[in-house]
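Enquirer: Starting from these lines, generate the structure:
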Amino acid sequence: ALIPEFAYVRRGKGRWSYAVGMHGTVGTRYDYPKKPSVGVNSDLFAEVTIMTAPLSVAYRASDRLWLGVQLMPGFGYFRSHFAIPPYTPEGVEPLFKPRFKLTGPGLTAMGGVSWHVNDRLSLGFSARPPGKIWMDGSSLTPTGERQDTDLDLKIPAEASAGITIRPLDDWTLAYTVRWIDSSSFGESKVRF
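Expert: The predicted model follows:
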């Protein structure tokens, strides 16, 4: 999937600014064919795409201090097929081969601060609490009937810090570190 990334920022009245944008995560795709020679007798496929459309507002508290918040509504797409059990003896069919496509809305938010210490040094910090994407769809049961299938995908908490230095008038150096609680992805379960 191709997701355009953009942002539009507009100065408001007084010390306020507003922005709207779009971004997403793509390329999370696992596509492994079966390889009976090594004992893997079924395919595994999983693909996830998440896109958000952030709505932002910033306030210039002073000439050197900016505060901002962002509400991030989103949309998730998850498609997968695999076998249960995943490994079977040569020539034995898996008990069940779930296939599903799940879609749904999501929501998270973010807040941040930017401090221009002086004309050559700026510091920034942002944080995002955990969010969620509520996806649902259907899948086939072993009997061939359709069943409801859903996933509450947990969006991990995140914290970022950055520094920008201008050692010379024509030089700008920037560095950012980011922590993401990626362990929360393991807490998201597909329910059949």
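Enquirer: Which secondary structure state is assigned to residue 80?
Expert: strand (DSSP: H, G, I helix; E, B strand; the rest coil).
Enquirer: hang on, it packs against residue 47?
Expert: Yes: in terms of Cβ atoms under 8 Å, residue 80 counts as a neighbour of residue 47; the distance is 7.2 Å. C-beta coordinates here come from the backbone N, C-alpha and C atoms, glycine included.
Enquirer: neighbour-wise, which of those two wins?
Expert: In this view residue 80 and residue 47 are compared by other Cβ atoms under 10 Å, and residue 80 has more residues nearby, 19 against 16.
Enquirer: Please name every helix or strand in contact with the longest strand seen in the chain.
Expert: Longest strand of the chain, by residue count under DSSP state E: strand 99-118. Strand 99-118 is packed against strand 44-52, strand 65-81, strand 121-128, strand 131-140, strand 146-155, with contacts defined by 3 or more Cβ pairs under 8 Å, 6 or more residues apart in numbering; DSSP states H and E.
Enquirer: Adjacent strands (with direction) for that strand?
Expert: Using DSSP bridges, the strands paired with strand 99-118 are strand 65-81 (antiparallel), strand 121-128 (antiparallel), strand 131-140 (antiparallel).
Enquirer: Flag every buried residue along that strand.
Expert: Neighbour-count burial for strand 99-118, counted by 16 or more other Cβ atoms under 10 Å, picks out 100, 102, 104, 106, 108, 110, 112, 114, 116.
Enquirer: Now do the same contact list for the fourth one.
Expert: Taking Cβ atoms under 8 Å, 6 or more residues apart in numbering as the criterion, residue 106 is in contact with 50, 52, 73-76, 131-134, 153, 155.
Enquirer: quick one on the thing from earlier: as TSV, the strands paired with strand 99-118 with distance to residue 24 and mean pLDDT would be great.
Expert: Formatted as TSV, the strands paired with strand 99-118 follow (distance: least, Cβ to Cβ, whole Å; pLDDT from 0 to 100):
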stretch	distance to residue 24	mean pLDDT
strand 65-81	8	94
strand 121-128	15	97
strand 131-140	12	92
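Enquirer: a markdown table please, covering the ones you listed and showing distance to residue 20.
Expert: A markdown table is the format used below for these (distance: least, Cβ to Cβ, whole Å):
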| stretch | distance to residue 20 |
| --- | --- |
| strand 65-81 | 10 |
| strand 121-128 | 18 |
| strand 131-140 | 18 |
